[in-house]
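Fold the following, please.
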Amino acid sequence: ATIGKLGILNIPATTNQACCACLPILVNNNYLFYFLMSHKESFTKKAEGGAQPNISKEKIISTLFPLPPLAEQKRIVEKIEQLLPFIEKYEQVETQLTALNTSFPEMLKKSILQESVQGKLVPQNPFDEPASVLLERIRAEKQELIKQRKIKKNKSESVIITRDKIPYEIIDGKERCIADEVSFELPESWCWCRLGDILLKLTDGTHSTPKYTESGIPFISVKDVSSGKLDFSNCKHISEKEHTELYDRCNPEIGDILLTKVGTTGIPVIVDTDLPFSLFVSVALLKFNQELLYNKYLLYMINSPLVQKQAAENTKGVGNKNWVMRDIANTLIVTPPIEEQHRIVAKIEEIMPMIERLTQR
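Numbers count the residues shown, from 1 in each chain. Modelled structure (predicted):
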């Protein structure tokens, strides 16, 4: 079954029918070893059989064998063993290079996304309305929705300000320095904030397993979005009545973002369909004002190392690990002016196809 593996015995032994013993007479056994090693591929090609292919002893012993003088056999072995360390070193370098070539496109994507959230991907426009104004509008909209009792007040809502290039977070009138959470400086028109503070709604799907039906309304769990796309092809279904009950609390709509939070965590997906569907607890729903925040920018930011590092650090538990809602809401993000959000997305979508082509070479 395993053809061509070799070894030189240094103890008395015997073999079964799956192994062929070669007993050299007036032939250097190392020379014979390297000769047989060089014929491994040809022996494999001569094998017969299905599940456990084998090569007969007759085919092995009928192999033409170049026999130099014994002294030259020894010189050949010496030269091979002199070169082998270099060959092994080359093989290690080749393996490392292959691994680098395989991982390079993914590393490059991460680098592009990190540059984008640091404000280094596209030039700044001094005429853009600052993100601080944008965040004030979001806060005012949330306050109005709270008054109308359409959303609940966030007990730990924060405002992050920068003073002398040092970020401070204000919660309930109390200010604290968060410089230890921040790894880079932002452009002047950008702002740090918590993910939950820019969202009008952050919730997850039902925590109870519904009654599944043969057909009906799609019921989406983490497996249906973990590819990075909303996939209905293998999802479960629930009745329209049960969907209506679940939809009152968790209502995904076109343009919203879904975020995996159990098992495979931190994968964002934009809802790109008007088809009705419901969510299981393994997926979070992020709703926001799509005139003030560009959903594609949020998608790329969540995929960036800035957010993915926090997702990895805060995903906890055993087995089906969980990125809990509190930690999702507390994720530190960056908000550029809305105009720059669109410029960043345009540049990313110009660059990414070029990177994809690297993987196809």
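
Quick check: closest non-adjacent residue to D204.
Nearest residue to D204, sequence neighbours excluded (CB to CB, 6 or more residues apart in numbering): A284, at 4.7 Å. C-beta coordinates here come from the backbone N, C-alpha and C atoms, glycine included.

what helix or strand does E94 sit in?
Using DSSP states H and E, E94 sits in helix 70-117.

So for that helix, mean pLDDT?
Taken as a whole, helix 70-117 has a mean pLDDT of 87.

Shouldn't I170 be within a strand?
Yes: I170: assigned to a strand according to DSSP: H, G, I helix; E, B strand; the rest coil.

For it, which non-adjacent residue is spatially closest?
Closest to I170 by CB to CB, 6+ apart is V159, at 4.8 Å.

Doesn't that neighbour lie inside a strand?
Yes: assignment of V159 by three-state DSSP places it within a strand.

how about the nearest residue to G205, chain neighbours excluded?
Take G205 and drop its neighbours on the chain: the residue closest to it by CB to CB, 6+ apart is L279, 2.9 Å away.

moving C-terminal of the helix or strand containing that neighbour, what's the next helix or strand?
Assigned by DSSP H and E, L279 belongs to strand 278-279. Sequence order places strand 283-287 as the next helix or strand after strand 278-279, per DSSP H and E.

helices or strands up against that next one?
strand 201-204, strand 257-260 (3 or more CB pairs under 8 Å, 6 or more residues apart in numbering; DSSP states H and E).

before we move on, back to that, ok, then the element right after the helix holding E94?
helix 131-147.

quick one: contacts of that following helix?
Under the criterion CB atoms under 8 Å, 6 or more residues apart in numbering, residues 151-154, 157, 159, 189-191, 193, 197-198, 200, 288-289, 292-293, 335-338 lie in contact with helix 131-147.

now swap in stretch 58-73 and tell me
If you take CB under 8 Å, 6+ apart as the criterion, stretch 58-73 is touched by C20, L26, V27, N28, Y31, F35, H39, S42, F43, K46, I76.

cool, stretch 291-303 as well?
113, 116-117, 134, 137-138, 198, 255-257, 259, 266, 268-270, 286, 288, 307-308, 333-336, 338, 341-342, 344-345, 348-349.

and with 7 Å instead?
Stretch 291-303 has contacts (CB atoms under 7 Å, 6 or more residues apart in numbering) with 113, 116-117, 134, 137-138, 198, 255, 257, 259, 268, 270, 307, 333, 338, 341-342, 344-345, 348.

Which residues belonging to it are considered buried?
For stretch 291-303, burial by neighbour count (16 or more other CB atoms under 10 Å) applies to L292, L293, Y294, N295, K296, Y297, L298, L299, Y300, M301, I302, N303.

now, which of those sits nearest I87?
Here the nearest of these to I87, counting by CB to CB, is N303; it sits at 41.3 Å.

distance of the closest one from Q148?
The gap separating N303 from Q148 is 34 Å, by CB to CB, to the nearest Å.

can you give me the offset of the helix holding E94 from its chain's centre?
25 Å (CA atoms, centre = their mean, to the nearest Å).

before we move on, what about stretch 135-153?
Centroid separation for stretch 135-153 versus its chain: 34 Å, with CA atoms, centre = their mean.

Please apply the same query to stretch 35-54.
For stretch 35-54, the distance to the chain centre is 39 Å (CA atoms, centre = their mean).

For it, measure first residue to last.
The first and final residues of stretch 35-54 sit 20 Å from each other (CA to CA, to the nearest Å).

got it, and stretch 9-29?
Across stretch 9-29, the terminal residues are separated by 10 Å (CA to CA).

quick one: the strands in the stretch 201-350 of the chain?
All strands of the stretch 201-350 of the chain, identified by DSSP state E, counting those that start in this stretch, fall at 201-204, 212-213, 217-220, 236-238, 257-260, 268-270, 278-279, 283-287, 332-335.

Buried residues, the fourth one. List them.
Of the residues in strand 236-238, K236, H237, I238 count as buried by neighbour count, 16+ other CB under 10 Å.

which ones are touching the first one?
The contact partners of K236, taken as CB under 7 Å, 6+ apart, are Y212, F219.

Quickly list what it is bridged to.
K236 forms beta bridges with F219, as assigned by DSSP bridges.
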